[in-house]
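With the sequence up front, the predicted model follows.
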Amino acid sequence: MAQSSAAARKPSAAPTVVLTLVLALASAGLLFLLVHLSPSSPSAHPHPHRRLRLRGAHLRHGGATPHQIPFDPVIADLERRLDDREWERLAAAGLHAPGMESAPVPEDLADYEDEYINDAARFNMTLRVAALFPKIDVDPADDAVTGAELAAWNLASARREVLHRTARELDMHDRDHDGRVAFSEYERPSWAWRFDDNNSTSDGMGWWKEGHFNAADMDGDGFLNLTEFNDFLHPADTTNLKLIHWLCKEEVRCFFSPTFFPCTFAFQDLPHLCLHF
């Protein structure tokens with residue numbers, strides 16, 4: 001009887017085990033939170049998400065997005081200056097391929113390191129966004145940027161980029177440096193010579209021929225200024241009705257020509273314009 005009373009007074013070990021498990025799980029959970037929520041080691045770049053990379057070196061290495069235009073005009077201007085320096089160096093070295101073809105890149109330029117501009121140096125993205133916002137928010141200026149306003153901004157940026165490249169091409173072909181190009185001064189790309197036999201026939205497409213040149217000549221003075229030369233090089237983007245009309249006639253003539261392939265690749269962007277004629 002005395003042994004039964006002593007056994008009844010002996011405390012059970014089960015509550016102690018449960019309490020120990022609860023404390024262990026709580027400690028493990030707290031340690032997990034501390035590890036995952038603690039700040040990581042400081043980066044070499046204080047603001048890695050605010051870095052803007054100049055695309056020149058990337059594109060020279062064969063980047064996959066050669067048609068992207070910088071969103072910020074300041075970055076676009078820096079990239080144009082970089083490209084202009086390369087252009088001038090290649091021209092001085094005689095490395096420009098004829099007729100606007102891509103030229104070989106010297107090895108020292110191919111090894112050019114990517115350049116970065118970041119908050120830690122001289123470019124503050126927060127301030128730049130604040131400065132650009134009112135320039136984009138114009139239709140109407142309601143403190144909110146719409147998709148249409150962003151599209152207009154990007155289109156204007158692309159046009160500036162194209163016009164800059166056209167000005168560089170004009171300077172290369174303008175032998176007398178009068179700010180305009182005559183047909184006799186223009187050297188067409190070598191790929192156009194492959195179709196010269198077809199172009200010389202009565203049903204040829206006339207691409208890079210004098211008819212195309214004259215159609216781009218809006219004022220009919222026999223020369224192309226910067227705007228006209230830009231239309232000549234990029235006819236799918238032109239608003240010159242004279243040039244659009246000529247291109248559409250060439251497209252129609254090409255469609256019924258036995259030499260169809262040379263026409264198809266040249267005017268593939270024009271059918272929507274030809275609907276107006």
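Yes, it's here.

alpha carbons only for contacts and neighbour counts from here, please
Fine.

Buried by neighbour count: which residues of stretch 127-143 qualify?
The neighbour-count check on stretch 127-143 (16 or more other Cα atoms under 10 Å) flags 136-137 as buried.

contact partners of it?
Identification of contacts with stretch 127-143 by Cα atoms under 8 Å, 6 or more residues apart in numbering yields 72, 144-146, 149-150, 153.

Out of these, which sit inside helices?
In this view, the contacts of stretch 127-143 that belong to helices under DSSP state H are 149-150, 153.

So which of these is the closest to His234?
Closest approach between the ones in helices among the contacts of stretch 127-143 and His234, by Cα to Cα: Trp153, at 19.9 Å.

That closest one and Leu78, how far apart?
Taking Cα to Cα, to the nearest Å as the measure, Trp153 falls 18 Å from Leu78.

Please apply the same query to Ala216.
Noted for Ala216: a distance of 31 Å to Leu78, by Cα to Cα.

got it, and Glu161?
12 Å.

In terms of packing, which of these two has more residues around it?
Per other Cα atoms under 10 Å, whichever of Glu161 and Leu78 has more neighbours is Glu161, with 17 against 14.

Show me where the stretch 151-277 of the chain has its strands.
In the stretch 151-277 of the chain, the strands defined using DSSP state E, counting those that start in this stretch lie at 181-182, 223-224.

For this structure, which segments count as helices?
2-9, 14-37, 56-60, 73-92, 107-110, 125-136, 147-173, 196-199, 210-216, 226-233, 241-255, 261-266, 271-274.

Generate TSV for the ones you listed, with mean pLDDT as supplementary columns.
Shown next, in TSV, are the helices of the chain (pLDDT from 0 to 100):
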stretch	mean pLDDT
helix 2-9	52
helix 14-37	75
helix 56-60	44
helix 73-92	76
helix 107-110	44
helix 125-136	83
helix 147-173	89
helix 196-199	49
helix 210-216	90
helix 226-233	93
helix 241-255	83
helix 261-266	46
helix 271-274	54
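
I'd like these laid out as JSON lines, including distance to Ser184.
Converted to JSON lines, the helices of the chain look like this (distance: least, Cα to Cα, whole Å):
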{"stretch": "helix 2-9", "distance to Ser184": "116"}
{"stretch": "helix 14-37", "distance to Ser184": "70"}
{"stretch": "helix 56-60", "distance to Ser184": "32"}
{"stretch": "helix 73-92", "distance to Ser184": "21"}
{"stretch": "helix 107-110", "distance to Ser184": "33"}
{"stretch": "helix 125-136", "distance to Ser184": "42"}
{"stretch": "helix 147-173", "distance to Ser184": "10"}
{"stretch": "helix 196-199", "distance to Ser184": "17"}
{"stretch": "helix 210-216", "distance to Ser184": "9"}
{"stretch": "helix 226-233", "distance to Ser184": "14"}
{"stretch": "helix 241-255", "distance to Ser184": "19"}
{"stretch": "helix 261-266", "distance to Ser184": "22"}
{"stretch": "helix 271-274", "distance to Ser184": "29"}
